[in-house]
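S.K.: Compute the structure for the input listed below.
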Amino acid sequence: MAKYIGVFATACLTRRQLQDLVSHLSQQGEVYCEKAFAGLVDGVLVCLFNAPNREALDAFCHRHGMVAEHIWRIDLESRDGELVSV
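M.R.: The predicted structure follows:
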């Protein structure tokens with residue numbers, strides 16, 4: 001399963017609404033959010049997704065009414081100071 005980082009604007013959402021959204025996005029399925037980071041002041045949500053491919057992630061975001069500012073596929077991540085394949 002591939003990993004992707006998605007960046008979303010959330011300027012109009014309250015903390016409670018963000019909590020509900022992240023909880024919903026994190027439910028296990030073909031595509032799900034592994035980790036989320038929210039900036040309340042900047043109105044941004046950054047999610048680490050697991051998805052079989054970009055098309056599945058795009059469809060997932062569309063179904064949830066989410067329009068990404070950016071989506072990047074992650075090929076390498078650091079583990080103990082070393083870059084390894086995801």
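S.K.: and stretch 34-43, average pLDDT?
M.R.: Average pLDDT, stretch 34-43: 94.
S.K.: measure stretch 75-86 end to end?
M.R.: End-to-end distance for stretch 75-86: 6 Å, by Cα to Cα, to the nearest Å.
S.K.: ditto for stretch 42-56
M.R.: With Cα to Cα, one end of stretch 42-56 sits 28 Å from the other.
S.K.: Other residues contacting that stretch?
M.R.: 1-13, 18, 21-22, 25, 30-39, 57, 60, 71, 73-74 (Cβ atoms under 8 Å, 6 or more residues apart in numbering). To be clear about C-beta, it is placed using only N, CA and C from the backbone, and glycine gets the same treatment.
S.K.: go again using 6 Å as the cut-off
M.R.: With Cβ atoms under 6 Å, 6 or more residues apart in numbering as the test, stretch 42-56 has contacts from 1, 3-11, 30-38, 57.
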